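**Q** Here is the input, now give the coordinates:
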Amino acid sequence: MSLAFVALGANLDNPVAQVRAALVALERLPGSRLARASSLYRTAPVGIRGQPDFVNAVAALETALAPRALLAALFGVEARFGRRRDFRHAPRTLDLDLLLYDAETISAPDLEVPHPRMHLRAFVLAPLLEIAPDCRIPGRGSAAAWLPAASMQRIEKLSA
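**A** Below you'll find the predicted structure:
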C-alpha cells in the first residue's frame with residue numbers, strides 16, 4: 001500500500017456538502033482506504049476574482065492504485081460530481097488534486113507529483129499539515145517551512 005495525499009476543493013453547489021461527499025467517495029475508491037481527513041477550510045479563490053470562496057480539505061489515502069490509476073479514479077469522482085473544465089481557475093463543483101504519492105517524484109505531461117504549486121498554497125498546506133505535521137515535499141523539504149510564504153492568503157478553519 002502507498003500513501004497518497006489528495007487536495008479537495010469546491011466553490012459551487014453547497015461546497016461544504018460537496019467536499020464532505022467527496023471524502024466519502026474517496027473512501028470508496030477501489031483498493032484504497034481513507035486514512036485521515038483534515039478539517040474543512042474556507043479560502044479565497046486563486047486566479048480569478050469575483051467567484052465564491054472555496055471550501056478545501058486534504059485527505060490521506062492508503063492505496064494499492066498506481067499513481068496514474070489513482071489520478072484516473074480522482075478524475076472519475078470529479079466527473080460524477082459534475083466537474084467541468086470550461087477555463088483555468090473556473091468555479092467548480094469539485095476539484096481533486098493528487099499532491100503526493102509516497103516520496104515519489106513524477107514529471108510527465110499527464111501527471112506531476114508532487115503537485116507543482118502545492119508549496120505555495122495555504123489552502124493545501126494548512127490542511128495537509130493538520131493531518132501530517134511532519135510531511136516533506138520531495139525536492140522542497142518540510143511542508144511546514146513553506147507555510148510562512150503563504151501567510152498572506154486568506155484561510156479560515158471551519159467549525160465541525
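
**Q** Could you give the secondary structure assignment for the residue lying farthest from the centre of the chain?
**A** What lies farthest from the middle of the chain is residue 50; by CA atoms, centre = their mean that is 22.1 Å. With DSSP: H, G, I helix; E, B strand; the rest coil as the basis, the three-state label of residue 50 is coil.

**Q** Kindly state the pLDDT recorded for it?
**A** pLDDT, residue 50: 78.

**Q** Name the spans of the chain whose pLDDT lies under the cut-off.
**A** In the predicted model, the chain carries pLDDT under 70 at residues 83-90, 160.

**Q** run the last query once more with 90
**A** For the chain, the stretches with pLDDT under 90 are 13, 44-51, 81-93, 159-160.

**Q** Distance of the residue farthest from the centre of the chain relative to residue 152?
**A** Using CB to CB, to the nearest Å, residue 50 is found at 20 Å from residue 152. No exception for glycine: its C-beta is placed from N, CA and C like everyone else's.

**Q** Kindly provide the distance from the residue farthest from the centre of the chain to residue 151.
**A** With distances taken as CB to CB, residue 50 is found 24 Å from residue 151.
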